[in-house]
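1. what shape does this take:
(chains A, B, C and D)
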Protein chains: 2
Amino acid sequence: MTTKTRLLDTAERLFAQHGIETTSLRIITREAGVNLAAVNYHFQSKEALLHAVIARRLDPVNQRRLAMLDACEAAAGNGPLPPHQVLDALLRPVLEMLSTPAKEFAPMMSRIFTESSDLTEKVFQKHLAHVSARFFAAFERAIPHLPRKELFWRLLFTFGAVSHTFGGAKVLRTISGGECDPSDVEGTIRRLESFLLAGLEAPVPAEVQHAVH
Amino acid sequence: MTTKTRLLDTAERLFAQHGIETTSLRIITREAGVNLAAVNYHFQSKEALLHAVIARRLDPVNQRRLAMLDACEAAAGNGPLPPHQVLDALLRPVLEMLSTPAKEFAPMMSRIFTESSDLTEKVFQKHLAHVSARFFAAFERAIPHLPRKELFWRLLFTFGAVSHTFGGAKVLRTISGGECDPSDVEGTIRRLESFLLAGLEAPVPAEVQHAVH
DNA sequence: GTCTATAACCTGATAGAC
DNA sequence: GTCTATCAGGTTATAGAC
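-> Residues are numbered from 1 along each chain as shown, chains lettered A, B, ... in the order given. Modelled structure (predicted):
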């Protein structure tokens, strides 16, 4: 395996397990079995290394997301868009990574979106903005009774649940005394999607209805 | 205001905004307008300072949570426990802090639960374990059709949504182009609780039913 | 491409004067 | 209680030999 790949793999894993800012280049290079200066030769800086880690995984994921959404829209024709299909197109491509060698990537992304608001903005604009826009429009079409404003709120809640699942699924096994098995990725997807679908489709509470239009 | 209080307030705010590990004692003491050595005199260490910040806010919150749960159980008698009341007892006391001078505390807690798994464990055992056990039992009674295993999963999703709301509500205003107003705390609580209640009460998906008992 | 050595700086914690 | 000065260590990044 090349030095470059060893660095990408090791950085991905350590960023996921210990956070971005608290993981030093010294630890990454030591665990990767390469010299400290290698990260500066193959990439320019720690942040450039992070961007390379993201691009390697996220580009294929986003392509698959959009392909699934295309298929869903094609099948629907002019009819309504099934909300569970839109949700599945958004979540399945990234959640299924949990049972591949790239299993550390999704937890790493959730770190980015909770750690530094500065970095979050950059990563979102660079790798997620266009996909995000497509899916927001799809959800608007799939849940037409839901005002835009409420959709924004509910997608915030959705990202929170998904994000926390990446990082917290491992401790769930401990907390539940072994009852819950996070390595059952397909089960996790079904549970997460049925929970979120119910929340996304819930009636708008009467108390906030007046602010809608 | 005393040096001790200035340190608690400033640490709480900076921990929330920039994370625990990335916030140095130098920044805290500079912003608080006190000497660097003061944190070591009034507390013993950075971690002890963090524990003091938590204890100051969380003890009253937990008392109110348990009082609301007591009232809910008393009103229910031997009848079923209303799930929305259990959820409200869990979330309202901490969410309402967002409109008080202690508004930085909840975001700080969500940092702890996403940053370091080491610290997470300590804080949970010290300040949240007993409350957690009471509420788990209450949810079991409130949603009797839901198997324990599924309840564990759904509470994980719930904590994720709540946690993300603390940290992400501010950026929601930007993303939504001003449509969403995170300073409307009561609206946030109602939206969050109606979303989560639908998810918690959703039917168990047929695909995972076989693993239940 | 890979190494050593080092620059410039930040960190938590503490000793000891006042 | 509050200060300065400092210890012992960590950090990113780079220059220059091989």
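
2. so A:P80 is in contact with A:R141, correct?
-> Yes. With contact defined as Cβ atoms under 8 Å, A:P80 counts as touching A:R141 (7.5 Å). For glycine as for every other residue, the C-beta is placed from the backbone atoms N, C-alpha and C.

3. which helix or which strand is home to A:K149?
-> Per DSSP states H and E, A:K149 falls inside helix A:148-175.

4. again but with A:R6, I slipped
-> With DSSP H and E as the criterion, the answer for A:R6 is helix A:3-18.

5. any buried residues in the lengthiest helix in chain A, and which?
-> Ranked by residue count and defined by DSSP state H, the top helix of chain A is helix A:46-76. Buried residues in helix A:46-76, counted by 16 or more other Cβ atoms under 10 Å in any protein chain shown: A:46, A:49-54, A:57-58, A:61-62, A:65-66, A:68-69, A:72-73, A:76.

6. neighbours of the residue nearest to A:P203 when sequence neighbours are not counted, how many?
-> Excluding the flanking residues, the one nearest A:P203 by Cβ to Cβ, 6 or more residues apart in numbering or on different chains is B:S194, at 7.7 Å. If you count neighbours by other Cβ atoms under 10 Å in any protein chain shown, B:S194 ends up with 23.

7. mean confidence for the strand or helix carrying B:S194?
-> Following DSSP H and E, one finds B:S194 within helix B:185-201. Helix B:185-201 shows a mean pLDDT of 98.

8. where does chain A dip in pLDDT?
-> Applying pLDDT under 70 to chain A flags the ranges A:209-213.

9. OK, contacts around A:R141?
-> A:P80, A:L81 (Cβ atoms under 8 Å, 6 or more residues apart in numbering or on different chains).

10. run the angle between the helix or strand encompassing it and helix B:148-175 for me.
-> Applying DSSP H and E as the criterion places A:R141 in helix A:129-142. Here helix A:129-142 runs at an angle of 110 degrees relative to helix B:148-175 (axes from the mean of the first three to the mean of the last three Cα atoms, to 10 degrees).

11. how far is helix A:129-142 from where the chain is centred?
-> Its chain's C-alpha centre and that of helix A:129-142 lie 15 Å apart, by Cα atoms, centre = their mean, to the nearest Å.

12. ok, and for the helix holding A:K149, which residues are buried?
-> For helix A:148-175, by 16+ other Cβ under 10 Å, it's A:149-169, A:171-172, A:175.

13. how about the residues of chain A that lie near DNA strand D?
-> Taking Cβ under 7 Å from any atom of the strand as the contact definition, chain A meets DNA strand D at A:T23, A:S24, A:L25, A:R26, A:I27, A:L36, A:A37, A:N40, A:Q44, A:S45, A:K46, A:E47.

14. ok, and the most crowded of those residues?
-> Ranked by neighbours (other Cβ under 10 Å), those are led by A:T23, which has 21 neighbours.

15. so that residue makes contact with A:F15?
-> Yes. The pair A:T23 / A:F15 is scored as a contact, 5.6 Å apart, by Cβ under 8 Å.
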